[in-house]
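Trainee: Show me the folded form of this:
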Amino acid sequence: MAFTFPYPHASRLALAAGLAVCAPLAQAAVLDFEDKVCARSQPICNLGDVYRAKGYVLSYAPAPDDEHPIGFHVVGRQWAPNVGGSIAMLANSCNATTTLASQAGKPFSVLTMDLAEANADSPARVTFTGLKTDGTTVRLAVNLDGKPGWQRIVLPGTFYNLISLQWVQGDCVDNKSHMFDNILVMPGISTR
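Mentor: Okay, the predicted model is just below:
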């Protein structure tokens with residue numbers, strides 16, 4: 001059922017006000033990895049250590065004791081644990097660090113991200129650490145439910161004015177690995 005305004009000119013005013021409020025969201029970007037063609041025909045494929053898209057960069061860093069770092073992998077829809085998912089990504093090494101930043105080095109906000117256990121075999125824990133332009137850090141620990149399927153994580157309003165956002169892959173023993181998708185980022189300073 002569509003909502004209609006009782007006065008024709010009121011609908012135009014409401015639309016204009018709504019567009020003014022949403023204007024900053026027009027610059028928002030979703031990192032969804034759909035541009036990785038290899039994942040359309042394969043369950044999983046190697047991506048390397050860096051992924052760039054829509055003005056942002058994701059960087060992979062192996063754990064210091066990792067003798068055989070693997071890098072990022074793109075997970076396709078054919079991979080069994082990717083239940084109902086789109087093309088996603090994971091840092092395919094235990095204790096590897098993923099870092100998100102703006103390609104231009106400008107501040108940004110992270111609004112939401114989808115997470116899922118990489119093998120759907122037990123719960124995973126993911127801790128996000130954001131470095132802000134004033135040198136302070138913000139943290140959020142997320143416990144996934146251990147069930148197949150994706151969970152949308154809404155980051156608190158403190159995750160604005162970031163220079164970088166980091167999170168570490170599980171240790172693959174006590175804390176299982178996870179995959180991520182649909183990272184909603186927005187440039188500039190936001191106070192949400």
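Trainee: all strands of this protein, in order?
Mentor: 29-31, 44-48, 50-53, 56-61, 72-75, 88-91, 97-102, 108-117, 125-132, 137-143, 151-154, 162-168, 178-187 (DSSP state E).
Trainee: Give me the distance between the last one and the centre of its chain.
Mentor: Right, strand 178-187. 2 Å (CA atoms, centre = their mean, to the nearest Å).
Trainee: now for the strands of the chain, which one comes closest to Asn82?
Mentor: Of all those, it is strand 72-75 that lies closest to Asn82, at 5.3 Å by CB to CB. All C-beta spots, glycine's among them, are computed from the backbone N, C-alpha and C.
Trainee: for the chain, what helix or strand is lowest in average pLDDT?
Mentor: helix 8-22 (a mean of 37; mean pLDDT, DSSP states H and E).
Trainee: could I get the strands of the chain as TSV with distance to Pro81, mean pLDDT and mean neighbour count?
Mentor: Output for these, formatted as TSV (distance: least, CB to CB, whole Å; pLDDT from 0 to 100; neighbours: other CB atoms under 10 Å):
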stretch	distance to Pro81	mean pLDDT	mean neighbour count
strand 29-31	20	96	18
strand 44-48	10	91	15
strand 50-53	20	96	15
strand 56-61	20	97	19
strand 72-75	8	92	25
strand 88-91	10	94	26
strand 97-102	18	97	18
strand 108-117	7	95	22
strand 125-132	16	97	18
strand 137-143	18	97	14
strand 151-154	13	96	14
strand 162-168	19	97	20
strand 178-187	8	95	22
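Trainee: how close does Val57 get to Tyr160?
Mentor: Between Val57 and Tyr160 the computed distance is 19 Å (CB to CB, to the nearest Å).
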